[in-house]
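[1] Here's my sequence, what's the structure:
(2 chains)
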Amino acid sequence: MERTTIDLWVGIFVSLGVASLLGLAMKVGNLTTSNIGETYTVTAAFENIGGLKPRAPVKSAGVVVGRVGDITFDSTTFEAIVSLNVDKRYNFPADTFANIYTAGLLGEQYVGLEAGGDEVALKNGDRIKQTQDAVVLEKMISQFLYNKASESKEVAPAAQAKSTKTDDDALGSNPLDDLKDGSKN
Amino acid sequence: MIRSSLLIGAARAIRKIGGDFIDRVWRLGAGTRLLGLTLISSGESFRRFHLVIREVYFTGVRSLIIISVSAFFVGMVLALQGYNTLQKYGSSEAIGVLVALALVRELGPVVTALLFAGRAGTAITAEIGLMKATEQLSAMEMMAVSPISRVVAPRFWAGVISMPILASLFSMIGILGGYMVAVPLIGVDAGAFWSQMQANVDWRFDIVNGVIKSVVFGVACTIIALFEGYDAPPTAEGVSSATTRTVVTSSLVVLALDFALTSFMIS
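    Purely as a prediction, here's the structure:
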């Protein structure tokens, strides 16, 4: 078959197209940076997942170690069951703690894993027992306002005791602690 | 007297609307039939692939300049406009994400298809319309050569091949244009520009979906251009109005298809 200059131009054209697609995949998309090959799946139950979405990152110490798989609702315990696809390269102890964090003030939510001290590692299909729910901003604000109101009255002794406790404890100023106490009541 | 002439006028207007509507439906059916015929008789164009390559040269390679220049400017404008708004929220690093997602998901496929309809679609329509007017198509039929497999199918496949290539080039060059404005001109950090982009652009859900869109637009634009040419009245006026219709119909179909495809892909 004889070669023409048109063939050359079409060849250049097609290779430009392939190159730009590769560029999109490598430089623009996350095909290389978060390419998670083999994964194992663990589940975690949360009372409230906030705005967590499938494909959200799973991070440990700030490094992406996996992705959120699917999110289902368990109608017997009334909890959200979140499955986490974690990279096979990373092993976590069986008593790992799963939190839902927010990236930045209004950013997307992700699952943070904090390793425990157990010698047994998490396996495919395991359930993470210790979890902490997403922070719901409205809940936090209403808790804060409620505490402020009870502090200023100083009538109810229980409220007073609580407020002195939080005043003494420097860490008690963290509104998250109040929220955890409040959600148990 | 006046009343009856008004009635006649109204009746004529309604008749025209109905006639136009029936004409549109007829053309839609005939266009679909042409698409089916083209798909059936495209075996020939794969066996003689140099016919397709010749058409890729005319539709794809010759559109490179308009596509790359407009992509560069679209990317630059996106970065400028995006920076203006993002800066108010203190997140000007997200400009890379904004430019990349806008281009890869929407502007790349859609603007490429609109430019393609104007640059290559009109050429296809005019060429086939003139072939018909000068009775080249009838001459082919006389020689027992099917004009669909010899003339229509290679152009169709060339359009379908060219469009995704042009669209991904458009996205890539647009992102480079956005980079040119964001990093050297405005002073956004280059590392933040790329890393935020890589963290938020997904291969499967953003890039592959954009390519799927451009393939669909390629099929739509090319078959509309081919049909308008094949259907054009064999006169100078007929070819000119067919060329106009190619641009109008392709643009409307691309925008409507874009909405439909996006709603499928997002849900």
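
[2] Got phi/psi on the closest residue to chain A within the stretch 101-250 of chain B?
    Scanning the stretch 101-250 of chain B for the residue nearest chain A gives B:Ile165, at 2.9 Å (criterion: Cβ to the nearest Cβ). Any C-beta I mention is one placed from the backbone N, CA and C, and that applies to glycine too. Main-chain torsions, B:Ile165, degrees, to the nearest 10: phi -60, psi -50.

[3] And for A:Gln109?
    Torsion angles, degrees, to the nearest 10, at A:Gln109: phi -100, psi 150.

[4] Over to A:Thr4?
    Torsion angles, degrees, to the nearest 10, at A:Thr4: phi -120, psi 170.

[5] Am I right that B:Thr246 is in contact with B:Thr125?
    Yes: with contacts counted by Cβ atoms under 8 Å, B:Thr246 reaches B:Thr125, the gap being 4.4 Å.

[6] Identify the contacts common to the two.
    Taking Cβ atoms under 8 Å, 6 or more residues apart in numbering or on different chains as the contact rule, the neighbours common to B:Thr246 and B:Thr125 are B:Ala225, B:Glu228, B:Gly229.

[7] What helix or strand is A:Val58 located in?
    strand A:57-60 (DSSP states H and E).

[8] what lines up beside that strand in the sheet?
    strand A:63-74 (antiparallel), strand A:109-114 (parallel) (DSSP bridges).

[9] Next secondary structure element downstream of the first one?
    By that I understand strand A:63-74. Next along from strand A:63-74, by DSSP H and E: strand A:79-87.

[10] Could you check the angle that following strand makes with strand A:63-74?
    If you take axes from the mean of the first three to the mean of the last three Cα atoms, to 10 degrees, strand A:79-87 sits at 150 degrees to strand A:63-74.

[11] Does anything pack onto strand A:79-87? Which helices or strands?
    strand A:39-46, strand A:57-60, strand A:63-74, strand A:109-114 (3 or more Cβ pairs under 8 Å, 6 or more residues apart in numbering or on different chains; DSSP states H and E).

[12] Tell me which residues are up against it.
    A:36-49, A:52, A:58, A:65-74, A:92, A:98, A:111, A:113, A:122, A:128.

[13] could you flag which of those residues are buried?
    A:39-40, A:42-46, A:49, A:52, A:58, A:65-69, A:92, A:98, A:111, A:113, A:122, A:128 (16 or more other Cβ atoms under 10 Å in any protein chain shown).

[14] If you count contacts, what does the longest helix anywhere in chain B end up packed against?
    Looking across chain B with DSSP state H, the single longest helix is helix B:2-40. Where contact means 3+ Cβ pairs under 8 Å, 6+ apart, helix B:2-40 is packed against helix B:209-231.

[15] Against chain B, how distant is A:Leu52?
    Distance, A:Leu52 to chain B, using Cβ to the nearest Cβ, to the nearest Å: 16 Å.

[16] Brilliant, that's me finished.
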